[in-house]
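K.L.:
next come a sequence and a model predicted from it.
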Amino acid sequence: MAWELVRIDLMDLIYSLILLADLLVIAYMVFIERRHPAYVIPWVLIIVFLPVVGFVLYLAFGFNYFREKQFRPKSEADRALLHRFMERQDRIVHEELEEDHAALAHVLIKNGSPVLMAERARAFNDGNEKFGALFEAIERAEHHVHMEYYILRDDRLGRDLVELLTRKAREGVEVRLLLDGMGNRMPKNRFKELSQAGGRMAIFFKPLVPFLTLRFNYHDHRKIAVIDGRTGYVGGFNIGAEYLGEGPMGQWRDYAAELVGDAVKALQFRFVLDWNYATKEGLDIGDVRYFPPVERTGAVPVQVVSSGPDSARTPIKDEYLKLLGMARRYAYIQTPYFIPDESVMDALRIASLSGVDVRIMFPDRPDHPLVYWASLSFVGQLLPWGVRAYTFDDGFIHAKTAFVDDAVSSIGSANWDIRSFRLNFETNGVIYDRELTTRNRELFEKDLERCTEITLERYRHRKLTVRAREGIARLFAPVL
């Protein structure tokens, strides 16, 4: 009997401590962080209805106390160096961009993304074509290969890449490979020969408090490659055989852009800043070996837009909002994860009400079930306003793109979700090219043949089990 009373008292104590911890978390969010109510309220609901699980989820996904300490030096260093790339921007915008696109360019310039000119730009929506071009460019490398990727799989494609980088390192080419600490799937012993050959591999982010917080946030989600400072790649493809359509999700639809010319400096700049933060090597953005002078300025204006938790601003969300605001004919969007905040939802709704043909393409099968059901709920909310939505039925769509008015293409790593807007390090390429965007629009429309439209009538008649899944998943939207 005494033992039972002790056990009951202990359980009461544990329960009281949990409630106290939950109250402290709520007070911290409301009075110290002072985040937007749209962010705070869902967290409060999760913590109230799931006291233990909610507390653990907040520590893993929502606790940002160490973010400012961890990233302030990086943010200050980035700003100090960025001004070197911001010269003559007013002249470039005036001379190189159409009047309708100047407003978007100015928004991105003020967020730290200069307009630079590419000699040419092309896009890939097939993994075999993209990696074929990337491997060929690496084969031709004479001075350096810089790569920054979220995922590197320990499979055929991943091992082929490491083998190629090792061979180039033996030839005297500088090889730097920057990977996310959680996304990388390649064991350390696979990099031994690369290291012995003179190549370097680094992990972008190591948390201050391992396994307690930041573990699920602040991923280096970028996908960047720069070869000799003259050819660069940006997009959504990670490195793995699944991106060739050989994984469990089957056929894989993704997007990447290849840039040649002066615009590659922006990708190189992004890589150098991240590499210096991770390694403290101190690569110099004034070094002509990494930022070679160009003979021709090129004809394609490009802005490389980066965002992350090291900045109070949200450049990529601003990019998406301005793209929707400038659209006059159409705005076609592809994203595997669609969990936007209210500002983006309003922009999509207003664009559609303004007569813009707004279409969203996302997967018909979940690789992350909660994310899928939450995405479906947000898409369904837009259908009454005329936004059209499609599920890609022939495999998995991982592309993160926006195409507007046969004029502007956005191709990059950022999904249309809160995580990409605020919690991950992302990079998009905004390309002002009518020929390229027209081609991208045609490929989007061709992909529609492999899609099923989610009509308003179909959505309203979805099963009760689907409604329940959506409701539960939407509750976790802040952490997805």
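P.N.:
Perfect, I can see it now.
K.L.:
tell me how far stretch 153-164 lies from the chain's centre.
P.N.:
23 Å (Cα atoms, centre = their mean, to the nearest Å).
K.L.:
average model confidence for it?
P.N.:
For stretch 153-164, mean pLDDT rounds to 97.
K.L.:
using PDB, write down the CA coordinates of that stretch.
P.N.:
Output of stretch 153-164 as PDB, limited to C-alpha atoms (Å, rounded to 0.1, in the frame of the first residue of the first chain):
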ATOM      1  CA  ARG A 153      23.300   8.700 -50.900                       C
ATOM      2  CA  ASP A 154      25.600   5.800 -50.400                       C
ATOM      3  CA  ASP A 155      24.500   4.200 -53.700                       C
ATOM      4  CA  ARG A 156      25.600   3.900 -57.300                       C
ATOM      5  CA  LEU A 157      25.300   7.600 -58.200                       C
ATOM      6  CA  GLY A 158      26.700   8.800 -54.900                       C
ATOM      7  CA  ARG A 159      29.800   6.500 -55.100                       C
ATOM      8  CA  ASP A 160      30.300   7.400 -58.700                       C
ATOM      9  CA  LEU A 161      30.400  11.100 -57.800                       C
ATOM     10  CA  VAL A 162      32.900  10.600 -54.900                       C
ATOM     11  CA  GLU A 163      35.100   8.400 -57.200                       C
ATOM     12  CA  LEU A 164      35.000  11.200 -59.900                       C
END
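K.L.:
flag every buried residue along that stretch.
P.N.:
Arg153, Asp155, Leu157, Gly158, Leu161, Val162, Leu164 (16 or more other Cβ atoms under 10 Å). Bear in mind the C-beta positions are built from the backbone N, C-alpha and C, glycine included.
K.L.:
what sits against the last one?
P.N.:
With contacts defined as Cβ atoms under 8 Å, 6 or more residues apart in numbering, the neighbours of Leu164 are Phe135, Ile138, Glu139.
K.L.:
hmm, 6 Å instead?
P.N.:
Ile138 (Cβ atoms under 6 Å, 6 or more residues apart in numbering).
K.L.:
what distance separates the helix or strand encompassing it from the centre of its chain?
P.N.:
Taking DSSP states H and E as the criterion, Leu164 maps to helix 156-170. Between the centre of helix 156-170 and the centre of its chain there are 25 Å (Cα atoms, centre = their mean).
K.L.:
related to what we said a few turns ago, could I get the buried residues of stretch 153-164 as TSV with distance to Glu246?
P.N.:
TSV is the format used below for the buried residues of stretch 153-164 (distance: Cβ to Cβ, whole Å):
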residue	distance to Glu246
Arg153	10
Asp155	8
Leu157	8
Gly158	12
Leu161	15
Val162	18
Leu164	18
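K.L.:
okay, now the domains of this protein?
P.N.:
The chain is divided into the following domains under automatic domain parsing: 2-67, 119-298, 315-479.
K.L.:
look up how far Gly308 lies from the residue nearest the centre of the chain.
P.N.:
In the chain, the residue lying closest to the centroid (Cα atoms, centre = their mean) is Ala414, at 2.6 Å. When distance is defined by Cβ to Cβ, to the nearest Å, Ala414 is 10 Å away from Gly308.
K.L.:
ok, Leu259 next?
P.N.:
Taken as Cβ to Cβ, the span from Leu259 to Gly308 is 21 Å.
K.L.:
ok, now Ile138?
P.N.:
Counting by Cβ to Cβ - Ile138 and Gly308 are separated by 26 Å.
K.L.:
which of these two has more residues huddled nearby?
P.N.:
Gly308 (26 against 21; other Cβ atoms under 10 Å).
K.L.:
which strand residues bridge the spatially closest residue to the more buried one that is not a sequence neighbour?
P.N.:
Spatially, and ignoring its direct neighbours in sequence, Gly308 is nearest to Phe425 (3.8 Å; Cβ to Cβ, 6 or more residues apart in numbering). Taking DSSP bridges as the rule, Phe425 bridges to Asp220.
K.L.:
ok, Val302 next?
P.N.:
Val302 has these beta-bridge partners by DSSP bridges: Leu116, Ile431.
K.L.:
still on that earlier bit, contacting residues around the residue nearest to the centre of the chain?
P.N.:
Here Ala414 is in contact with Ile316, Lys400, Ser420, Glu426, Asn428 (Cβ under 6 Å, 6+ apart).
K.L.:
can you rerun that using 8 Å?
P.N.:
His221, Ser307, Ile316, Lys400, Ser420, Phe421, Asn424, Glu426, Thr427, Asn428.
K.L.:
what of Phe191?
P.N.:
Phe191 neighbours (Cβ under 8 Å, 6+ apart): Val162, Leu177, Gly199, Met201.
K.L.:
helix or strand right after the helix or strand of the chain with the lowest mean pLDDT?
P.N.:
Every helix and strand of the chain was ranked by mean pLDDT, DSSP states H and E. The lowest is helix 65-82, at a mean of 54. Scanning forward in sequence from helix 65-82 by DSSP H and E, the next helix or strand is helix 89-96.
K.L.:
how about the helix or strand just after that next one: buried residues?
P.N.:
Proceeding N to C from helix 89-96, the next assigned helix or strand is helix 99-110, under DSSP H and E. Across helix 99-110, burial judged by 16+ other Cβ under 10 Å covers His101, Ala102, Leu104, Ala105, His106, Val107, Leu108, Ile109.
K.L.:
same check, this time on stretch 140-152
P.N.:
Of the residues in stretch 140-152, those buried (16+ other Cβ under 10 Å) are Ala141, His144, Val145, His146, Met147, Glu148, Tyr149, Tyr150, Ile151, Leu152.
K.L.:
now those residues as a markdown table including secondary structure and distance to Glu342?
P.N.:
Below are these laid out as a markdown table (DSSP: H, G, I helix; E, B strand; the rest coil; distance: Cβ to Cβ, whole Å):
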| residue | secondary structure | distance to Glu342 |
| --- | --- | --- |
| Ala141 | coil | 45 |
| His144 | strand | 43 |
| Val145 | strand | 42 |
| His146 | strand | 38 |
| Met147 | strand | 36 |
| Glu148 | strand | 32 |
| Tyr149 | strand | 32 |
| Tyr150 | coil | 27 |
| Ile151 | coil | 30 |
| Leu152 | strand | 36 |
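K.L.:
quick one: contacts for Asp394?
P.N.:
Contacts of Asp394 by Cβ under 8 Å, 6+ apart are Gly250, Gln251, Arg253, Arg450.
K.L.:
nearest to Arg185 among those?
P.N.:
When these are ranked by distance to Arg185 (Cβ to Cβ), Gly250 comes first, at 19.6 Å.
K.L.:
ok, the closest one - contacts?
P.N.:
Per Cβ under 8 Å, 6+ apart, neighbours of Gly250: Asp394, Gly395, Phe396.
K.L.:
please redo it, this time with the cut-off set to 10 Å
P.N.:
Gly250 makes contacts with Glu242, Arg365, Asp394, Gly395, Phe396, as judged by Cβ atoms under 10 Å, 6 or more residues apart in numbering.
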